[in-house]
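Colleague: Give me a model of this one.
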Amino acid sequence: MVSTRVVATPLPDAGYRALVNAVLAAIEADIDRWLEADVVDIDARRTGDLLELALPGGSHLIVNAQPPLQELWLAARAGGFHFKYVDGRWIDGRDGCELFDLLSRCASEQAGLALRFTSPSY
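Modeller: Sure, this is the predicted structure:
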């Protein structure tokens, strides 16, 4: 795996919090839409800045904020990923992947069907 140097866009604490809330709300909205359309049964549980997704088959995805670092973290079967906010997108410092692309890929693999999370408009 190639390490990528990611330089975060500086944010005030309130700006970081607003972005985190937008990300978590967007993920929850996609899940609500899928549940309504009977696409997939994902149980989403949010506690503060932590969102746990229980997928079919018993696997989980966890998205949570790391305020001291101004990062978002994703825990999945594929591993743990740390994202910094860079020019309007959340980018993984390890390989440069975007949060919603990687979240979609991990959820699809773990749920056994194609799922696409949509990034919020900031």
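
Colleague: Which of the helices or strands spans Pro120?
Modeller: Using DSSP states H and E, Pro120 is not contained in any helix or strand.

Colleague: Just to check, it is in contact with Val23?
Modeller: Yes - using CB atoms under 8 Å, Pro120 makes contact with Val23 at a distance of 6.4 Å. All C-beta spots, glycine's among them, are computed from the backbone N, C-alpha and C.

Colleague: More neighbours: which of those two?
Modeller: Between Pro120 and Val23, counted using other CB atoms under 10 Å, Val23 has the larger neighbour count: 25 against 14.

Colleague: Which parts of this protein are strands?
Modeller: Taking DSSP state E as the criterion, the chain carries its strands at 43-47, 50-54, 60-66, 71-76, 79-86, 89-92.

Colleague: Okay, buried residues for stretch 5-17 please.
Modeller: By 16 or more other CB atoms under 10 Å, the buried positions in stretch 5-17 come out as 6, 8, 16.

Colleague: Kindly report the same for stretch 55-71.
Modeller: 55, 59, 61, 63-65, 70-71.

Colleague: Which residues does it contact?
Modeller: 8, 11, 13, 16-17, 20, 23-24, 27, 40-42, 49-54, 72-77, 82-85, 103, 106-107, 110-112 (CB atoms under 8 Å, 6 or more residues apart in numbering).
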